[in-house]
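Q: Provided below for reference: sequence and predicted model.
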Amino acid sequence: MTETTKTRVLYNAECPICNFEIGHYRNHAEASDLPIRFDDLNTADLTHWGLSRDDAAKRLYVVKNGEMRGGIDGFLLLWAEMPRYRWLGRVVGLPGVKQVASLTYDFVLAPAIYRWHRLRKQRLSANGSTRRH
């Protein structure tokens, strides 16, 4: 299988929540030899993603067959590639459930995690600069 046929996941490894969740999926994918590639937005070349680092940090993005999806739609693409999680994708993809999940992710979870990540980075940056003086 070539790199271009793999499902690709863009995530923020500097965010403990994101890194924990995606690390779980990555470990499962590697153990099951699934054709999924995981790109850390902090080290990946984002030109082919068409996203800035800041935009990429705001939500999960997944590319499959050249089509990029973000948020819950991205999770649905990822879960469809993982036999252990296909049931979750089927449930979350149900009419009504998908809309509620998307609204919750887009307007509650993703913004809260992003804000927490930005505050955490600011604190780390401030602590690093005070230690140097």
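A: Thanks, I have the structure now.
Q: can you give me the strands in the chain?
A: Remark: strands assigned in the chain by DSSP state E are 7-11, 36-40, 61-64, 67-70.
Q: Could you save the ones you listed as JSON lines and add columns showing mean pLDDT, distance to Trp87 and mean neighbour count?
A: From N, CA and C alone the C-beta is placed, and that goes for glycine too. Formatted as JSON lines, the entries for the strands of the chain read as follows, by pLDDT from 0 to 100; distance: least, C-beta to C-beta, whole Å; neighbours: other C-beta atoms under 10 Å:
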{"stretch": "strand 7-11", "mean pLDDT": "97", "distance to Trp87": "18", "mean neighbour count": "23"}
{"stretch": "strand 36-40", "mean pLDDT": "97", "distance to Trp87": "18", "mean neighbour count": "18"}
{"stretch": "strand 61-64", "mean pLDDT": "97", "distance to Trp87": "18", "mean neighbour count": "22"}
{"stretch": "strand 67-70", "mean pLDDT": "96", "distance to Trp87": "20", "mean neighbour count": "16"}
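Q: The ones you listed: which one's closest to Ser125?
A: Shortest distance between Ser125 and these, using C-beta to C-beta, is found for strand 36-40: 18.8 Å.
Q: What are the buried residues along the top helix by length along the chain?
A: Ranked by residue count and defined by DSSP state H, the top helix of the chain is helix 110-132. Of all the residues in helix 110-132, those buried under the rule 16 or more other C-beta atoms under 10 Å are Ala110, Ile113, Tyr114, His117.
Q: Who are the packing partners of it?
A: Packing partners of helix 110-132 (3 or more C-beta pairs under 8 Å, 6 or more residues apart in numbering; DSSP states H and E): helix 16-31.
Q: where does the protein have low pLDDT?
A: Low-confidence regions of the chain, defined by pLDDT under 70, span residues 1-5, 129-133.
Q: Identify the residues contacting the residue nearest the centre of it.
A: With distances taken as C-alpha atoms, centre = their mean, the chain has Leu60 as the residue nearest its mean C-alpha position (3.0 Å). Leu60 makes contact with Val9, Leu10, Tyr11, Cys18, Ile22, Gly70, Gly71, Gly74, Phe75, Leu78, according to C-beta atoms under 8 Å, 6 or more residues apart in numbering.
Q: Great, nothing more from me.
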